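Q: Below are the sequence and a predicted model; questions follow.
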Amino acid sequence: MKVERFTTVSCLEAKKKGEKISMLTAYDYSTAKLLDEAGIDSLLIGDSLGMVMLGYENTLPVMVEDIIYHSKAVARGAKRAMIVGDMPFLSYHINIEESVRNAGRLIQEGNAHAVKLEGGEEVLDKVKAIVKAQIPVMGHLGLTPQSVNMMGGFKVQGKKEEQARKLIKDALLLQEAGAFAIVLECVPEQLSKIITEKLDIPTIGIGAGRYCDGQVMVTQDMLGMISDFKPKFVKQYAQVGNITKEACRQYIGEIKDMNFPAKEHTFSIDEEILAKLY
């Protein structure tokens, strides 16, 4: 039986019906397959892969080729979820032509269904051009990790009146430019509620409170796989990190004690053949 794909149209319909949208990051086939089978609506190949998969300090070193590589793997595992590819740092900052080309690569080579890029008024020309090229765009406002150096670190955005008004304005401009949804990251809950109510397109929150139309988290954070740092907005639904370490310790111990592999894990050879080999 063919599974019906969750799409950008599904996002808009969910907003109208008041149905919440679920989104998680994925960077490989096996994880994507598990999350897809669990019923996740959308999978984001986030530039967060730079930190959780490649060990970078931030997202800035991630290249278009990295997103494409991981996106292809995710696409092979996800049959229902809408796949969104992040446009990494400098992939849409130089000029419109290069922005459209890079967005097109994420769709054509990475098999994504949509792209996500950070920023508001300053990227409107890129958003419009990418949408005009028939590529769906998800916006991203609030804490935008690619601007971490300009922001002075990973800080909550929109707590001051001027910042809050700009976020509302940018959200409306992104909608007008053709974005089908907007991620709100590290924004005060009351502000994200105002933005969500003003928009016809859905908001996807991460550290933006209960009133967004959906939520997104980094899967490794949600599963307790990263022990270095736990943001305030993260809820850990499992401790996969601890389970993995304990399983590994047991594996190591059984190898050293010669309890693994046991007889049931081995293959045999005919005794007559074996006798001829000595």
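A: On my side now, so go ahead. Quick caveat: nothing in here was measured; it's all calculated off a predicted structure.
Q: Tell me the pLDDT of the closest residue to I135 other than its chain neighbours.
A: If you skip the residues right next to it in sequence, I135 has A103 as its closest partner in space, 5.0 Å away by CB to CB, 6 or more residues apart in numbering. All C-beta atoms are positioned from the backbone trio N, CA, C, and that covers glycine. Residue-level confidence at A103 comes out at 98, pLDDT.
Q: Quick check: A103 touching I130?
A: Yes. Using CB atoms under 8 Å, A103 is in contact with I130, at 4.6 Å.
Q: Between the two, which contacts overlap?
A: Among the neighbours of A103, those also in contact with I130 (CB atoms under 8 Å, 6 or more residues apart in numbering) are 92, 115, 137.
Q: Can you turn the buried subset of those into a selection I can paste into ChimeraX?
A: In ChimeraX syntax, the buried subset of those is picked out as below (16 or more other CB atoms under 10 Å):
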select :92,115,137
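Q: Return the member of the shared contacts of A103 and I130 nearest to K2.
A: Out of those, the one with the shortest distance to K2 is V115. That distance is 25.5 Å, counting by CB to CB.
Q: and that closest one, what does it touch?
A: Under the criterion of CB under 8 Å, 6+ apart, the neighbours of V115 are 84-87, 103, 106-107, 130, 135-138.
Q: Would you quantify the distance from it to A129?
A: In this view, V115 and A129 are 12 Å apart by CB to CB, to the nearest Å.
Q: same question, A238
A: The value you get for A238 to A129, if CB to CB is used, is 41 Å.
Q: of those two, who's got more company?
A: When neighbours are counted by other CB atoms under 10 Å, A129 comes out ahead of the other of A238 and A129, with 20 against 11.
Q: And stretch 68-87, end to end?
A: By CA to CA, to the nearest Å, the extent of stretch 68-87 from end to end equals 10 Å.
Q: For stretch 157-176, which outside residues touch it?
A: Contacts made with stretch 157-176 from outside it, assessed by CB under 8 Å, 6+ apart, are listed as 119-121, 124, 127, 139, 141-143, 151, 182, 184-188, 191, 194-195, 198-201, 203.
Q: Tell me which of those fall in strands.
A: In this view, the contacts of stretch 157-176 that belong to strands under DSSP state E are 139, 141-142, 182, 184-185, 203.
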